[in-house]
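# for reference, the sequence and a predicted model appear below.
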Amino acid sequence: DAKTTQPPSMDCAEGRAANLPCNHSTISGNEYVYWYRQIHSQGPQYIIHGLKNNETNEMASLIITEDRKSSTLILPHATLRDTAVYYCIVRVGSGNTGKLIFGQGTTLQVKP
Amino acid sequence: DAGVTQSPTHLIKTRGQQVTLRCSPKSGHDTVSWYQQALGQGPQFIFQYYEEEERQRGNFPDRFSGHQFPNYSSELNVNALLLGDSALYLCASSLAGGNYNYGYTFGSGTRLTVV
């Protein structure tokens, strides 16, 4: 019951912005979009989340289209340490007791 | 501030055996969710525990069961292990009534290999 679709892999030059797209065309009105990343099969690390407004924090920016059917995660200045699998996720259910529905993820390779 | 702690980190079991995995949530969190991540795949939701009860369940058979203790820690039990149960098992904790800024904190997982 995957709710998100992402490209399997992307490359980015070190120091440049990395723009990771995600489609979630079946998202419901009260379902949040979350982004996590996973490095070397460690536990996923939280990046950012949003409902319908664009969001920014110290790690990244999240741009959500007006119809909420897609979003883009932006890492403004990618470094080699940003090489990881990035998951676009839909949270089903309310509050912090909702469940996260992961997609297949995008493997981002940052190159020197 | 300790994050989510899972034990053991690695485990090898024989087909048909039973296994118990453990999770201590991040300090201040009261809800624990378990996920299974097969090699090369995204994590899949197994179930969630809050107030010592199973609140939600994913599409997993009854061989998968769990428990939450009064101190909010949790166990995941898998009976009659199959080769296909080999995976990284992740525990995520959250605070049911908390704000959403950091939501869910994941542990590093238990790597289960069934032979």
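Noted; the coordinates are in hand.
# which SSE is the closest residue in space to A:Ser61 that isn't next to it in sequence in?
In space, and not counting its chain neighbours, A:Ser61 is closest to A:Ile74: 4.3 Å by CB to CB, 6 or more residues apart in numbering or on different chains. The C-beta positions use only the backbone N, C-alpha and C, and glycine is treated the same way. Element membership for A:Ile74 (DSSP states H and E) is strand A:70-75.
# for the residue lying farthest from the centre of chain A, give me its contacts.
Of all residues in chain A, A:Pro112 sits farthest from the chain's C-alpha centroid, using CA atoms, centre = their mean; the distance is 22.6 Å. Applying CB atoms under 8 Å, 6 or more residues apart in numbering or on different chains to A:Pro112 gives the contacts A:14, A:80.
# measure it to chain B for me?
26 Å (CB to the nearest CB, to the nearest Å).
# what's the following helix or strand after the strand ranked longest in chain A?
In chain A, ranked by residue count with DSSP state E as the criterion, the top strand is strand A:84-92. Downstream of strand A:84-92, the next assigned helix or strand under DSSP H and E is strand A:99-102.
# partners of that following strand, with directions?
Here strand A:99-102 has these sheet partners by DSSP bridges: strand A:84-92 (antiparallel).
# thinking again about what came up before, okay, now the residue nearest to A:Ser61: neighbour count?
Using other CB atoms under 10 Å in any protein chain shown, A:Ile74 has 16 other residues around it.
# same check on B:Leu90?
Neighbours of B:Leu90 using other CB under 10 Å come to 27.
# quick one: distance of the lowest-mean-pLDDT helix or strand in chain A to the chain centre.
The weakest-scoring helix or strand in chain A, judged by mean pLDDT, DSSP states H and E, is strand A:99-102 (a mean of 91). Strand A:99-102 sits 12 Å away from the centroid of its parent chain (CA atoms, centre = their mean, to the nearest Å).
# restrict it to CA atoms and write it as CSV.
The C-alpha coordinates for strand A:99-102 follow below in CSV (Å, rounded to 0.1, in the frame of the first residue of the first chain):
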residue,chain,number,x,y,z
LYS,A,99,1.9,5.0,11.0
LEU,A,100,4.6,5.8,8.5
ILE,A,101,4.1,4.4,5.0
PHE,A,102,7.5,4.3,3.3
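# contacts for that strand?
Here strand A:99-102 makes contact (CB under 8 Å, 6+ apart) with A:1-4, A:34, A:87, A:89-93, B:33, B:35, B:42-45, B:48, B:56, B:58, B:92, B:104.
# pull the contacting residues for residue 84.
As the question left the chain open, I've gone with chain A. A:37-39, A:107-108.
# chain B was what I was after
Residues in contact with B:Gly84 (CB under 8 Å, 6+ apart) are B:Val114.
# I'd like to know how far it sits from chain A.
In this structure, B:Gly84 and chain A are 18 Å apart, going by CB to the nearest CB.
# quick check, that residue in a helix?
Yes: per DSSP: H, G, I helix; E, B strand; the rest coil, B:Gly84 lies within a helix segment.
# what about the nearest residue to B:Gln68 once chain neighbours are set aside, how many residues nearby?
Spatially, and ignoring its direct neighbours in sequence, B:Gln68 is nearest to B:Tyr49 (3.7 Å; CB to CB, 6+ apart). Look at B:Tyr49: counted by other CB under 10 Å, it has 26 neighbours.
# tell me which element B:Tyr49 is part of?
Using DSSP H and E, B:Tyr49 sits within strand B:44-50.
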